[in-house]
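1. Okay, predicted coordinates and the sequence, questions at the end:
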Amino acid sequence: MLRSKKPLGIREIQRELKLSSPSVAQYHLSKLEQVGLVKKEAGNYVINRVLLDNCVKISRFIIPKYLFYSVLAFVVLMIELTFLKPDFLDPDYYFSVFATILFLSIFCYETIKVWLKGSL
């Protein structure tokens, strides 16, 4: 609802969220405004910034999407190192291991960056 680019008034937000009164909507919007998630423009509210955009919510836990890619890259690396050992010096093997390590480090970096950005 607030994800749209157009500013919304308190009554529109109250109706959309099925809140009991506009004062309840005002209370919650003021709390969101205090932490910097929404801002008031000409009497209406718009999103100030989107946090946790690259995350997945599982139960109570908020997990960055990149964590799944990191785990996959780690599993692929472990398979390469344990099952696919070459008998001789194979440049393709070492290239694939290096590429997997590179992907794993990039995904870990992105995971940490999203986790730090997402904390209020």
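-> Great, that's in hand. Residues are numbered from 1 along each chain as shown.

2. domain assignment for the chain?
-> Per automatic domain parsing, the structural domains of the chain span 10-47, 55-118.

3. For the spatially most distant residue from the centre of the chain, pull up the helix or strand it's in.
-> The centre of the chain is farthest from one residue, residue 88, which by CA atoms, centre = their mean lies 42.6 Å away. Per DSSP states H and E, residue 88 falls between elements, in no helix or strand.

4. roughly how far apart are it and residue 103?
-> Separation of residue 88 from residue 103 (CB to CB, to the nearest Å) stands at 25 Å. From N, CA and C alone the C-beta is placed, and that goes for glycine too.

5. for residue 26, same thing?
-> Counting by CB to CB, the separation of residue 26 from residue 103 is 47 Å.

6. what does residue 12 give?
-> From residue 12 to residue 103 the distance is 45 Å (CB to CB).

7. Can you get me a residue count around residue 86?
-> Residues lying near residue 86 (other CB atoms under 10 Å) number 10.

8. The one 4 residues further on now?
-> Summarising burial for residue 90: neighbours were counted as other CB under 10 Å, giving 12.

9. give the contact list for the residue farthest from the centre of the chain.
-> Residue 88 makes contact with no residue, according to CB atoms under 8 Å, 6 or more residues apart in numbering.

10. for the protein, what spans make up the strands?
-> For the chain, the strands defined by DSSP state E cover 38-41, 44-47, 55-58, 61-64.

11. Just name the most buried of those strands.
-> The highest mean neighbour count among those, using mean count of other CB atoms under 10 Å, belongs to strand 44-47: a mean of 17.

12. Quick one: list the elements packing against the biggest helix by length in the chain.
-> As assigned by DSSP state H, the longest helix anywhere in the chain is helix 91-118. Here helix 91-118 touches strand 61-64, helix 65-82, going by 3 or more CB pairs under 8 Å, 6 or more residues apart in numbering; DSSP states H and E.

13. Mean pLDDT and distance to residue 92 for the ones you listed - can I get that in TSV?
-> Converted to TSV, those look like this (pLDDT from 0 to 100; distance: least, CB to CB, whole Å):
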stretch	mean pLDDT	distance to residue 92
strand 61-64	82	32
helix 65-82	94	11
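
14. Now distance to residue 16 too, for these, in JSON lines please.
-> Shown next, in JSON lines, are these (distance: least, CB to CB, whole Å):
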{"stretch": "strand 61-64", "distance to residue 16": "23"}
{"stretch": "helix 65-82", "distance to residue 16": "27"}
